[in-house]
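In: the following comprises the amino acid sequence and a computationally predicted model.
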Amino acid sequence: KGKQMKDNFKKWSRLFPENQAIKYWATEGAEGAVPEYKSKGYLTSGFFVFRNGWDMNSTQMVVKAGPPAFWHNQPDNGTFELWYKGQTLVADSGSYVYGGDASVMEWRNWFRQTSSHNTLVFNKKNIETTDSKTLLWQPEGDVQILVTENQGYEKLKHRRSVFFVDGKYFVIVDEAVGAGKGHIQLHYQLPKIKGANSRETMHHHTEAEDGRNMKLQCFGPEGMTMEKSEGWISTTYMKKQKRINMSFNVKKADGKPVRYITVIVPKDTPGDDVKISASFIDEHFNANGLRLQVKVGKNKKRVLSYEL
């Protein structure tokens with residue numbers, strides 16, 4: 001795949017000889033230059049890229065939160081992928097297959113369902129409407145911010161706010177707002193890397209010896225539970241591998257919003273060596289803004305906020 005991409009960049013460079021970024025990758029850095037920007041949002045299609053650099057040691061997250069789409073689209077608004085030093089730490093499940101008999105279509109439906117992605121699910125049902133609105137995109141500064149909102153279900157709206165802090169770690173706030181009652185599940189597809197988790201602290205960490213690890217910890221309402229279920233990933237047509245599908249689950253008994261904070265820390269060291277704390281400053285959901293505080297390891301406590 002690496003060689004194929006290099007060949008593609010060479011072809012594109014012949015088509016667009018003035019494009020310095022394409023030339024840079026076509027020549028493996030011998031000519032051209034990387035783009036002046038790092039993080040970039042494509043607001044029409046609804047794809048947003050956070051990154052702290054352009055080399056293989058960089059951290060990058062891609063968030064999908066766009067308008068309705070049709071054939072090549074899954075009900076997964078708000079989902080994302082995360083890379084660190086060339087290693088995929090949080091990955092999409094893939095598509096596996098596009099068509100076939102009934103047994104094959106069961107697998108197609110498994111891979112496309114909302115719960116097979118890295119986003120929020122209501123009552124174990126697929127998102128009914130995929131029409132995310134971008135409320136805020138701030139790709140510059142020490143704290144970069146994306147705020148999107150999707151009326152995914154008739155009686156439940158999902159607002160996802162992503163903070164990229166100091167180019168080091170991510171804070172994701174998920175707020176389920178509406179009159180709908182039932183069960184909220186916040187899903188994360190875990191990497192095929194040796195790891196461990198704790199239901200006491202609601203976290204998962206990896207234990208790779210190659211210096212490409214992460215810790216993911218979720219903070220939610222009282223009574224939140226953590227569940228591990230069977231997950232799969234497919235990077236080649238009709239081939240799949242097992243992995244863990246982790247969810248953080250809350251019962252929504254009334255019209256009160258359900259709010260989560262998830263902190264994801266890419267790191268070199270294996271194990272549970274980075275302590276994380278996070279909490280809301282504002283006690284209730286605010287349609288016009290958000291305030292929370294977070295502390296990660298030896299980094300100073302940060303107050304994260306935005307106003308719409």
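Out: Here it is on my side, so go on.

In: nearest the middle, which residue of the chain would you pick?
Out: Computing the C-alpha centroid of the chain and ranking residues by Cα atoms, centre = their mean puts Phe80 first, at 2.8 Å.

In: how about the contacts made by it?
Out: 61-64, 90, 118, 162 (Cβ atoms under 8 Å, 6 or more residues apart in numbering). Using the backbone N, CA and C atoms, a C-beta is placed for each residue, glycine as well.

In: pick the one among those residues closest to Asn245.
Out: Nearest to Asn245 among those is Asn118, at 9.8 Å by Cβ to Cβ.

In: with adjacent residues omitted, what lies nearest to Tyr169?
Out: Take Tyr169 and drop its neighbours on the chain: the residue closest to it by Cβ to Cβ, 6 or more residues apart in numbering is Val265, 4.4 Å away.

In: could you confirm Arg108 falls within a helix?
Out: Yes. Counting by DSSP: H, G, I helix; E, B strand; the rest coil, Arg108 is part of a helix.

In: for it, give its distance to Arg243.
Out: Distance, Arg108 to Arg243, by Cβ to Cβ, to the nearest Å: 18 Å.

In: and what of Gly220?
Out: As judged by Cβ to Cβ, Gly220 and Arg243 stand 23 Å apart.

In: circling back to that earlier point, can I get the contacts of Phe80 in TSV with neighbour count and pLDDT?
Out: Shown next, in TSV, are the contacts of Phe80 (neighbours: other Cβ atoms under 10 Å; pLDDT from 0 to 100):
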residue	neighbour count	pLDDT
Met61	24	98
Val62	15	98
Val63	25	98
Lys64	24	98
Val90	21	98
Asn118	25	98
Val162	23	99
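
In: for the nearest residue to Gln87 once chain neighbours are set aside, phi and psi?
Out: Nearest residue to Gln87, sequence neighbours excluded (Cβ to Cβ, 6+ apart): Arg212, at 3.8 Å. The phi/psi pair for Arg212 (degrees, to the nearest 10) reads phi -130, psi 90.

In: what is the burial count for Arg212?
Out: Using other Cβ atoms under 10 Å, Arg212 is surrounded by 21 other residues.

In: just checking, the residue nearest to Tyr169 touches Val274?
Out: Yes. Applying Cβ atoms under 8 Å as the test, Val265 and Val274 come out as touching, 5.4 Å apart.

In: name the residues contacting each of these two.
Out: 215, 296-297.

In: list the residues that contact Leu304.
Out: With contact taken as Cβ under 8 Å, 6+ apart, Leu304 is in contact with 143, 163, 165, 171, 290-294.

In: let's go with 6 Å and repeat that
Out: 163, 292 (Cβ atoms under 6 Å, 6 or more residues apart in numbering).

In: comparing Gly220 and Arg243, which residue is more hemmed in?
Out: Gly220 (20 against 17).

In: tell me which residues form a beta bridge with the nearest residue to Ala196 once chain neighbours are set aside?
Out: Spatial nearest neighbour of Ala196, excluding adjacent residues (Cβ to Cβ, 6+ apart): His205 at 6.3 Å. Residues in a beta bridge with His205, per DSSP bridges, are Ala196, Lys215.

In: packing partners of the longest helix along the chain?
Out: For the chain, the helix that runs over the most residues, judged by DSSP state H, is helix 2-15. When contacts are defined as 3 or more Cβ pairs under 6 Å, 6 or more residues apart in numbering; DSSP states H and E, helix 2-15 packs onto helix 20-26.

In: so after the helix it packs on, what's the next helix or strand?
Out: Per DSSP states H and E, the first helix or strand lying C-terminal to helix 20-26 is strand 40-42.

In: what lies in contact with that following strand?
Out: Contacts for strand 40-42 (Cβ under 6 Å, 6+ apart): 48-49, 137.

In: now intersect those with the strands, please.
Out: Per DSSP state E, strands hold the following members of those: 48-49, 137.

In: specify which member of those residues is nearest to Ala30.
Out: Closest to Ala30, out of all of these and judged by Cβ to Cβ, is Val49, at 24.7 Å.
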